[in-house]
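Enquirer: let me see the structure of the following:
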Amino acid sequence: METVMKLSYTPEGAGEETGMSRTRIFNALKTGDLKARKAGGRIIILGADLQAYIDALPERPAQAAA
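Expert: Okay, here's the model as predicted:
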């Protein structure tokens with residue numbers, strides 16, 4: 001099954017789509033780690049920019065078997 005990414009998201013929608021909190025999304029916007037654009041008074045995040053942000057997050061190291 002192929003997942004279809006939306007063209008753009010609100011910060012709230014980006015949080016819902018990724019499972020991240022709204023605060024984390026806004027912090028990423030504030031630090032410049034996540035790009036956004038303004039459309040009138042609305043903040044929009046392009047799907048490609050959201051994917052790039054997720055791809056740039058560090059990978060979790062594998063845990064050794066106990």
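
Enquirer: show me the beta-bridge partners of the nearest residue to Ser8 once chain neighbours are set aside.
Expert: Once flanking residues are discounted, Ser8 sits nearest to Ile44: 4.5 Å by Cβ to Cβ, 6 or more residues apart in numbering. Every C-beta, even on glycine, is put in place using the N, C-alpha and C of the backbone. Note on Ile44: beta-bridge partners by DSSP bridges are Arg37.

Enquirer: ok, Ile44 - contacts?
Expert: Ser8, Tyr9, Thr10, Ala36, Arg37, Lys38 (Cβ atoms under 8 Å, 6 or more residues apart in numbering).

Enquirer: quick check: the farthest pair among the residues you listed?
Expert: Greatest spacing in the contacts of Ile44, by Cβ to Cβ: Tyr9 and Lys38 (13.9 Å).

Enquirer: show me which of these two is the more surrounded one.
Expert: Set Tyr9 next to Lys38 and count neighbours by other Cβ atoms under 10 Å: Tyr9 wins out with 22 against 8.
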